[in-house]
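1. the sequence and its predicted three-dimensional model are supplied below.
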Amino acid sequence: MRLFVDTNVLIAATVGEPERGAVARNLLNADHEFATTLLNVMEYRTILTKKKRFEQDRVEDLIDGLFDRMDVYGPETGDLLEAYAMQRETLLYTMDVVILATAKEIGAPLVTFDGELLSNGAVAPGEFIES
């Protein structure tokens, strides 16, 4: 199955967050095809370097690994128009609604820990992990 991965899942897997890290790692190690957006990759870089204080060379190596493991999409005009329409109804943050629209366009569920996105059609990572 193809899954569209939000930044918070990537961060949780990378830094080993206490509650979410194992779930995120199990998901990313499962037999799925993964995708994300260039916006998520950019956010991943910023969070790891600025907030988590990883060395930028290490972060760039991690990003190279993301490009090797998953398809990375740039939002297209159609995605932005869909996001604009969705935002009128959901009032989601700009980046969140663009990511949700892009996931919808490629036909993959958005996998996230974000409660607001989960309330608007995204799916929690645990839903795709076999027990």
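-> Yep, that arrived. From a predicted model like this one, the values you see are computed outputs, not experimental measurements.

2. which stretches of this structure form strands?
-> For the chain, applying DSSP state E gives strands covering 2-5, 33-37, 70-73, 110-111.

3. other residues contacting the shortest one?
-> Outside strand 110-111, the residues within contact range by CB atoms under 8 Å, 6 or more residues apart in numbering are 3-6, 9, 27, 99-100, 103-104, 117, 121-125, 127-128. From N, CA and C alone the C-beta is placed, and that goes for glycine too.

4. can you get me a residue count around Lys51?
-> By other CB atoms under 10 Å, the residues close to Lys51 number 10.

5. any idea how far it lies from Asp64?
-> 21 Å (CB to CB, to the nearest Å).

6. do Val41 as well
-> 11 Å.

7. quick one, which of the two is more surrounded?
-> Set Val41 next to Asp64 and count neighbours by other CB under 10 Å: Val41 wins out with 18 against 10.

8. could you report the pLDDT at Ile129?
-> In this model, Ile129 is scored at 88, pLDDT.

9. which residue packs closest to it, ignoring adjacent ones?
-> Nearest non-adjacent residue to Ile129, counting by CB to CB, 6 or more residues apart in numbering: Asn26, 4.9 Å away.

10. picking that back up, can you flag the buried ones in the contacts of strand 110-111?
-> Neighbour counting by 16 or more other CB atoms under 10 Å classes 3-6, 9, 27, 99-100, 103-104, 117, 122-125, 128 among the contacts of strand 110-111 as buried.

11. can you report how many residues lie near the nearest residue to Glu43 once chain neighbours are set aside?
-> Nearest residue to Glu43, sequence neighbours excluded (CB to CB, 6+ apart): Thr7, at 4.6 Å. Around Thr7 there are 23 other residues, counting by other CB under 10 Å.
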